[in-house]
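Visitor: have a look at this prediction, sequence included:
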Amino acid sequence: VQLVESGGGSVQAGGSLRLSCAASGYTSRYCMGWFRQAPGKVREGVAVIWTGGRGISYYADSVKGRFTISQDNAKNTVYLQMNNLRPDDTAMYYCAAGPLFAGLGPAGYKYWGQGTQVTVS
């Protein structure tokens, strides 16, 4: 499984961005998630989705109501719509995938993308 993120950039506080994670390989019944890591901080889970079934999703408390994770199974792509961005959302954002549900903990994910930078000023 290979994951390629896109959509990062620089935005002013209150703005929006949509991140995309294009997956190659089998991910039809995978747990896929978005994680972020700011300089000097540990990597943290932002949002995850189970791509099988009804696409159950979970969010970190810090992004609930502002971020939305979604999937397009036909395109094998997972998205992260980020609204009302704040300076503390600034980080490198990573897409991850794994065959088992692992929640928001990074350790449970087997495959990782290279990351896309999000900067909010």
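Guide: Looks like it came in fine. Residues are numbered from 1 along each chain as shown.

Visitor: which strand residues bridge the residue nearest the centre of the chain?
Guide: Against the mean C-alpha coordinate of the chain, by CA atoms, centre = their mean, the closest residue is residue 34 at 2.0 Å. In this structure, residue 34 has beta-bridge partners residue 47, residue 95, where bridges are defined by DSSP bridges.

Visitor: surely it meets residue 80?
Guide: Yes - using CB atoms under 8 Å as the test, residue 34 is close enough to residue 80 to be in contact (4.7 Å). Just so you know, the C-beta spots here come from the backbone N, C-alpha and C atoms, and that holds for glycine as well.

Visitor: so what sits against both of the two?
Guide: Common contacts of residue 34 and residue 80 (CB atoms under 8 Å, 6 or more residues apart in numbering): 19, 21, 46, 47, 69, 93.

Visitor: can you pick the most crowded of those residues?
Guide: Within these, most neighbours by other CB atoms under 10 Å means residue 21, with 27 neighbours.
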